[in-house]
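S.K.: No letters, just coordinates:
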């Protein structure tokens, strides 16, 4: 399972880096074209929408990776006041609540994605189904749920940024 989680994290990093590079190149190119020719820039109206879509996907794809690396908001100062045993129990409770919440969002996200797909709604400049945009929600929260599950089962402990040294039990 740990090898699987590492593989997922590697894929996430590659995807996030690729999306960031694509977004940067697209937007920078559009700005350069705008400086050269307003007429040509109008042909690139789709770039604004494409970069917004890429940003949405980046946010949701980064959820699980951010949790794994301890980049989510955490009450580490409060946790540090607890004994090691209590801290472990609180973390497991957080993992359980996080898992349940993430799974609920996955469920609702799939419903929304299917609903939007059924409407045939298409983006104005890209001409793509907007269901692709909504799909980022269940995909991202599935990755987050996977991290919470791994923490709950004790398979993978996530890092907690600025965590204080262990107190004696």
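M.R.: Good, I have the coordinates. All figures in this text were calculated on a predicted structure; none of them were measured in a lab.

S.K.: Please spell out which residues along stretch 120-139 are buried.
M.R.: Judged by neighbour count (16 or more other CB atoms under 10 Å), stretch 120-139 contains these buried residues: 123, 126, 129-139. Yep, even glycine has a C-beta here, placed from its N, CA and C like the rest.

S.K.: Repeat that for stretch 17-28.
M.R.: Going by neighbour count (16+ other CB under 10 Å), the buried part of stretch 17-28 is 19, 23, 26, 27.

S.K.: Which of those fall in strands?
M.R.: When the buried residues of stretch 17-28 are checked against strands (DSSP state E), there are no matches.

S.K.: just those now: which is nearest residue 70?
M.R.: Nearest to residue 70 out of the buried residues of stretch 17-28 is residue 19 (CB to CB; 22.2 Å).

S.K.: give the contact list for the closest one.
M.R.: 54, 57, 58, 61 (CB atoms under 8 Å, 6 or more residues apart in numbering).

S.K.: which of those residues lies closest to residue 1?
M.R.: Nearest to residue 1 out of the contacts of residue 19 is residue 61 (CB to CB; 20.6 Å).

S.K.: hang on, isn't the closest one packed against residue 139?
M.R.: Yes: assessed by CB atoms under 8 Å, residue 61 is found in contact with residue 139 at 7.1 Å.

S.K.: got the phi/psi numbers for residue 129?
M.R.: Geometry field for residue 129 lists phi and psi as phi -60, psi 140, criterion degrees, to the nearest 10.

S.K.: er, residue 122 actually
M.R.: Dihedral angles (degrees, to the nearest 10) for residue 122: phi -120, psi 140.

S.K.: count of neighbours near residue 153?
M.R.: Per other CB atoms under 10 Å, the neighbour tally for residue 153 reads 12.

S.K.: quick one: pLDDT of it?
M.R.: Here, the pLDDT recorded for residue 153 equals 92.

S.K.: any idea how far residue 134 is from it?
M.R.: Applying CB to CB, to the nearest Å, the value for residue 153 to residue 134 is 30 Å.

S.K.: try residue 58
M.R.: Going from residue 58 to residue 134 by CB to CB gives 15 Å.

S.K.: and stretch 118-135, what's its mean pLDDT?
M.R.: 96.

S.K.: Make 42 the starting number, not 1.
M.R.: Sure thing, new numbering starts at 42, so read that last one as stretch 159-176.

S.K.: who's in contact with residue 113?
M.R.: Applying CB under 8 Å, 6+ apart, we find residue 113 in contact with residue 107.
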